[in-house]
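Student: no sequence for this one, just the structure:
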């Protein structure tokens, strides 16, 4: 029998925490809880849960800082739960490593769907030894989960890595923003497609601008693509 996923809830509102915990337990998940930032960070690092539900506004240590510190040590999926729905708050949460963002009040069915999607992505991201994707001098080693440009390491966040991997796996294909959202953020992801533009800009800053070559091309009014590099003899590579 498959071991149930362990989910850590970091939420200072006892009513919300209890409600979510009961729903998750009813779905068969094992649940851990913490009521403040320091306690949530300690539990995330000590207990190694399969997923973290993290409130943004926490006593002792903000959810943003908790997520930032978790990311230094772990790739565990993090879904932020918060009453704040400003775009800047969402982008800040994603920037420090959150995988998803759900605004309160939320429907429990949507939360459960996002949890399933995050856990599926985590399982799909298991290292694949010996599988390397490349485009010119850019290589992505799925076994080591590392990216290099002509041997120079390129530091990417988990989401940036997933986005680049998906685009390299689909070189020469016109990828719409909606398709990228579905495949990289998960089928049940509900959000604005401009999050794709934000993460494309991150990749361009770390790859295109850093190394002086256009790797990711814009398809105006549609989405993006990575094309094979043309060699001097006219062949692709």
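Tutor: Right, received. Where do you want to start? Note that the structure is predicted; figures quoted are calculated from it, not measured.

Student: Point out where the protein drops to low pLDDT.
Tutor: 1-2, 84-87, 89, 124-130, 186-193, 230-237 (pLDDT under 70).

Student: tell me the domain ranges of it?
Tutor: Using automatic domain parsing, the domain parsing of the chain gives 6-124, 132-226.

Student: most packed of those?
Tutor: domain 6-124 (a mean of 18; mean count of other CB atoms under 10 Å). For every residue, glycine as well, the C-beta is placed using N, CA and C.

Student: so where's the longest helix in this structure?
Tutor: The helix spanning the most residues in the chain, taking DSSP state H as the definition, is helix 108-124.

Student: got the contact list for it?
Tutor: 5, 7, 19-20, 23-24, 27, 29, 50-51, 53, 75-77, 79, 81, 99-100, 102, 162, 185-190 (CB atoms under 8 Å, 6 or more residues apart in numbering).

Student: List the ones among those residues that fall in helices.
Tutor: 19, 20, 23, 24, 162.

Student: Tabulate those residues in a markdown table, adding columns for distance to residue 13.
Tutor: Output for the ones in helices among the contacts of helix 108-124, formatted as a markdown table (distance: CB to CB, whole Å):
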| residue | distance to residue 13 |
| --- | --- |
| 19 | 9 |
| 20 | 10 |
| 23 | 15 |
| 24 | 16 |
| 162 | 31 |
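
Student: Thought residue 13 was touching residue 58, still the case?
Tutor: No. Between residue 58 and residue 13 there is no contact under CB atoms under 8 Å: 10.1 Å.

Student: From residue 31, how far out is residue 223?
Tutor: Distance, residue 223 to residue 31, using CB to CB, to the nearest Å: 38 Å.

Student: Helix or strand next in line after the longest helix of the chain, which one?
Tutor: Using DSSP states H and E, the helix or strand that directly follows helix 108-124 along the chain is strand 132-135.

Student: what separates that following strand from the chain centre, distance-wise?
Tutor: Distance of strand 132-135 from the chain centroid (CA atoms, centre = their mean, to the nearest Å) equals 21 Å.

Student: Give me the sheet partners of the next helix or strand after that strand and which way each runs.
Tutor: Per DSSP H and E, strand 132-135 leads on to strand 138-141 as the next helix or strand towards the C-terminus. The pairing partners recorded for strand 138-141 under DSSP bridges are strand 132-135 (antiparallel), strand 146-149 (antiparallel).
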